[in-house]
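Student: Give the three-dimensional model of this entry:
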Amino acid sequence: MWTSQTQVRAPDLAYLTQKQIKQESPEEKTISTFIIEVVSQTNRMYKVTEKVREYFKAGIEVIWLILPESEEVYVYTAPTQVNICTGDIICYAGKNLLNFSLTASEIFQR
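Tutor: Numbers count the residues shown, from 1 in each chain. Below is the predicted model of the structure:
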């Protein structure tokens, strides 16, 4: 996923519509509206927040940062707007995916 003229990112999960998938070409830079990044223990927080800002600048509308160790989901709707979901708190994927939501417990269910 191109986030600028010179930067390509590969989120852990990205939602693309059928239309976006069919129109993907080297000349056309498709950007998802919703992505998920799984944050590992070795990730540095300043790098993670740098990515969040970069994704929003590119046009992404909702980012879930999943933190497996603490079983938390940070739902970003803007670079400085975040809801932290734990337990039975519902994580929403945004206005373009109104029917997609999960509780944090469902995400970490084994």
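Student: What residues does residue 78 make contact with?
Tutor: Shown here is residue 78, whose contacts under the criterion CB atoms under 8 Å, 6 or more residues apart in numbering are residue 56. C-beta: built from backbone N, CA, C; applies to glycine.
Student: gap between it and residue 60?
Tutor: Separation of residue 78 from residue 60 (CB to CB, to the nearest Å) stands at 10 Å.
Student: what do you get for residue 101?
Tutor: With distances taken as CB to CB, residue 101 is found 18 Å from residue 60.
Student: The two: which is more packed in?
Tutor: More crowded of residue 101 and residue 60, by other CB atoms under 10 Å: residue 60, with 23 against 14.
Student: now the strands for the chain?
Tutor: Applying DSSP state E to the chain gives strands spanning 13-15, 34-38, 62-67, 72-78, 81-85, 90-92, 101-103.
Student: will you turn these into TSV that also has mean pLDDT and distance to residue 56?
Tutor: What follows is these, written out as TSV (pLDDT from 0 to 100; distance: least, CB to CB, whole Å):
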stretch	mean pLDDT	distance to residue 56
strand 13-15	88	14
strand 34-38	94	11
strand 62-67	96	8
strand 72-78	96	7
strand 81-85	96	10
strand 90-92	94	17
strand 101-103	94	21
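Student: ranking these by burial, who's on top?
Tutor: Stretch with highest mean neighbour count among those: strand 62-67 (a mean of 22; mean count of other CB atoms under 10 Å).
Student: How far off centre is that one?
Tutor: 5 Å (CA atoms, centre = their mean, to the nearest Å).
Student: show me where pLDDT drops low in the protein?
Tutor: Applying pLDDT under 70 to the chain flags the ranges 1-3, 24-30.
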